[in-house]
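In: Okay, sequence plus prediction incoming.
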Amino acid sequence: MAKKYSKTKLKKFQKLIEEKMGYVHNEVETIKEGVGPASNKQGGLTPDSIYSNHMADAGTDSHEQEKNFMLMNR
(Lines give C-alpha, C1' and ligand atoms only; values in the text may rest on other atoms or scores of the structure.)
Protein backbone atom coordinates (compact mmCIF):
# COMPACT_ATOMS: atom_id res chain seq x y z
CA MET A 1 0.00 0.00 0.00
CA ALA A 2 1.25 3.47 -0.82
CA LYS A 3 2.43 5.75 1.95
CA LYS A 4 0.35 8.91 2.49
CA TYR A 5 1.89 12.35 2.15
CA SER A 6 2.25 14.51 5.23
CA LYS A 7 0.17 17.67 5.61
CA THR A 8 3.25 19.86 5.04
CA LYS A 9 4.07 18.05 1.80
CA LEU A 10 0.45 18.39 0.65
CA LYS A 11 0.53 22.13 1.41
CA LYS A 12 3.78 22.41 -0.56
CA PHE A 13 2.21 20.59 -3.53
CA GLN A 14 -0.90 22.76 -3.29
CA LYS A 15 1.19 25.94 -3.33
CA LEU A 16 3.19 24.68 -6.33
CA ILE A 17 0.03 23.79 -8.24
CA GLU A 18 -1.54 27.18 -7.49
CA GLU A 19 1.61 28.95 -8.73
CA LYS A 20 1.57 26.95 -11.95
CA MET A 21 -2.15 27.63 -12.43
CA GLY A 22 -1.49 31.36 -12.04
CA TYR A 23 1.29 31.17 -14.61
CA VAL A 24 -0.93 29.30 -17.07
CA HIS A 25 -3.76 31.79 -16.51
CA ASN A 26 -1.41 34.67 -17.33
CA GLU A 27 -0.19 32.87 -20.45
CA VAL A 28 -3.76 32.27 -21.65
CA GLU A 29 -4.64 35.93 -21.08
CA THR A 30 -1.57 36.98 -23.07
CA ILE A 31 -2.58 34.65 -25.91
CA LYS A 32 -6.15 36.00 -25.86
CA GLU A 33 -4.79 39.53 -26.16
CA GLY A 34 -2.75 38.40 -29.17
CA VAL A 35 -5.81 36.97 -30.90
CA GLY A 36 -8.09 40.00 -30.80
CA PRO A 37 -8.41 42.54 -33.61
CA ALA A 38 -6.66 45.19 -31.50
CA SER A 39 -3.57 43.01 -31.43
CA ASN A 40 -2.58 43.84 -34.98
CA LYS A 41 0.84 45.45 -34.73
CA GLN A 42 0.35 47.40 -37.96
CA GLY A 43 -1.95 50.01 -36.45
CA GLY A 44 -5.27 48.38 -37.28
CA LEU A 45 -4.36 47.02 -40.70
CA THR A 46 -5.51 43.52 -41.43
CA PRO A 47 -3.70 40.93 -43.57
CA ASP A 48 -6.41 41.54 -46.20
CA SER A 49 -5.82 45.28 -46.23
CA ILE A 50 -4.51 46.85 -49.42
CA TYR A 51 -2.42 49.17 -47.27
CA SER A 52 -0.37 46.39 -45.72
CA ASN A 53 3.35 47.14 -45.48
CA HIS A 54 4.54 43.96 -47.13
CA MET A 55 3.10 40.57 -47.98
CA ALA A 56 5.55 38.84 -45.68
CA ASP A 57 4.43 41.05 -42.77
CA ALA A 58 0.81 40.13 -43.41
CA GLY A 59 1.73 36.44 -43.56
CA THR A 60 3.66 36.65 -40.31
CA ASP A 61 0.77 38.37 -38.54
CA SER A 62 -1.66 35.78 -39.87
CA HIS A 63 0.60 32.93 -38.77
CA GLU A 64 0.97 34.39 -35.27
CA GLN A 65 -2.79 34.76 -34.94
CA GLU A 66 -3.37 31.16 -36.06
CA LYS A 67 -0.71 29.95 -33.62
CA ASN A 68 -2.39 31.84 -30.78
CA PHE A 69 -5.78 30.29 -31.65
CA MET A 70 -4.18 26.84 -31.62
CA LEU A 71 -2.53 27.46 -28.25
CA MET A 72 -5.77 28.73 -26.76
CA ASN A 73 -7.62 25.61 -27.87
CA ARG A 74 -5.11 23.23 -26.28
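Out: Ah, there it is. Residues are numbered from 1 along each chain as shown.
In: And residue 17, how close does it get to residue 28?
Out: Distance, residue 17 to residue 28, by Cβ to Cβ, to the nearest Å: 16 Å. Every C-beta, even on glycine, is put in place using the N, C-alpha and C of the backbone.
In: Give me the more crowded residue out of the two.
Out: Set residue 17 next to residue 28 and count neighbours by other Cβ atoms under 10 Å: residue 28 wins out with 13 against 10.
In: what's the next secondary structure element after the strand or helix carrying the more buried one?
Out: Assigned by DSSP states H and E, residue 28 falls within helix 7-35. Downstream of helix 7-35, the next assigned helix or strand under DSSP H and E is helix 55-73.
In: show me the residues around the residue nearest to the spatial centre of the chain that make contact.
Out: Centroid-nearest residue in the chain, with Cα atoms, centre = their mean: residue 31, separated by 2.9 Å. Neighbouring residues of residue 31 by Cβ atoms under 8 Å, 6 or more residues apart in numbering: 68, 71-72.
In: sorry, back to before: going by neighbour count, which residues of the helix holding residue 28 are buried?
Out: Buried residues in helix 7-35, defined by neighbour count with 16 or more other Cβ atoms under 10 Å: 31, 34-35.
In: In JSON lines: those residues, plus distance to residue 12 and pLDDT.
Out: Shown next, in JSON lines, are the buried residues of helix 7-35 (distance: Cβ to Cβ, whole Å; pLDDT from 0 to 100):
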{"residue": "31", "distance to residue 12": "29", "pLDDT": "78"}
{"residue": "34", "distance to residue 12": "34", "pLDDT": "72"}
{"residue": "35", "distance to residue 12": "35", "pLDDT": "70"}
